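# Let's see this in three dimensions:
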Amino acid sequence: MAKTTGTSWAWMGGMLLGSGTFIAAGVGFLIAEANTKPGELTDDGKPLDAFFHWMGLGFGGGGLLWLAIAVAAFFSLRGSAAKLDERRAQLSVHGLQIDAIVLSLETEGYMNFNNEIWVDLVLDVPVAGQLHRKSFRAALAQDALDRARAQKRLLLLVNAANPYDFVLARGSI
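Predicted structure coming up:
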């Protein structure tokens, strides 16, 4: 099972609170429909029970849809975290631990409502007994932006066969 952070549980709690509010409003409208006297009308002359019925279905259905999307996103993100942890464990055993230096950091717009952050890295990779300097750009998680600065050293776990296949070591940023 994937290790989850407190942030993901807090996020899920917020999503449950939001969807629960809509579901509760929907149930409230349906209860109001049940307590409406036959023949009562809204201000514009429409049946009040139909208004409560459709509002209840709309709010309740919207809340249930929100809940389903939130649960699916939560478990999808947990699966991604599990894959990253598995990859990190594999490279910590079979890969190389290499220091990389952050040359620069920049944001370039948004992707899925998150800042798209790119970092220019330089690292020395041993190939056939000699060090070869590699320089490339990599995407960085938005929550690491405040901890990654130019000239900072990062510990990477690198695939020896492919230096572009790497993950940050835990505690590196």
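
# hey, which strand is longest across the protein?
When secondary structure is assigned using DSSP state E, the longest strand within the chain turns out to be strand 96-111.

# elements contacting that one?
Judged by 3 or more CB pairs under 8 Å, 6 or more residues apart in numbering; DSSP states H and E, the packing partners of strand 96-111 are strand 114-127, strand 153-159. Just so you know, the C-beta spots here come from the backbone N, C-alpha and C atoms, and that holds for glycine as well.

# least reliable of those strands going by mean pLDDT?
Taking each of these in turn, the lowest mean pLDDT turns up on strand 114-127, with a mean of 68.

# The residue lying closest to residue 152 once chain neighbours are set aside - how many residues pack around it?
Excluding the flanking residues, the one nearest residue 152 by CB to CB, 6 or more residues apart in numbering is residue 102, at 4.9 Å. The tally of other residues near residue 102 (other CB atoms under 10 Å) stands at 18.

# Quick check, residue 102 in contact with residue 137.
No. Using CB atoms under 8 Å, residue 102 is not in contact with residue 137; the gap is 11.2 Å.

# For beta bridges, what are the partners of the residue nearest to residue 152?
The residues paired with residue 102 through beta bridges, assigned by DSSP bridges, are residue 121.

# next one: residue 97
Those that pair with residue 97 in a beta bridge, by DSSP bridges, are residue 157.

# ok, now how distant is the residue nearest to residue 152 from residue 157?
Noted for residue 102: a distance of 16 Å to residue 157, by CB to CB, to the nearest Å.
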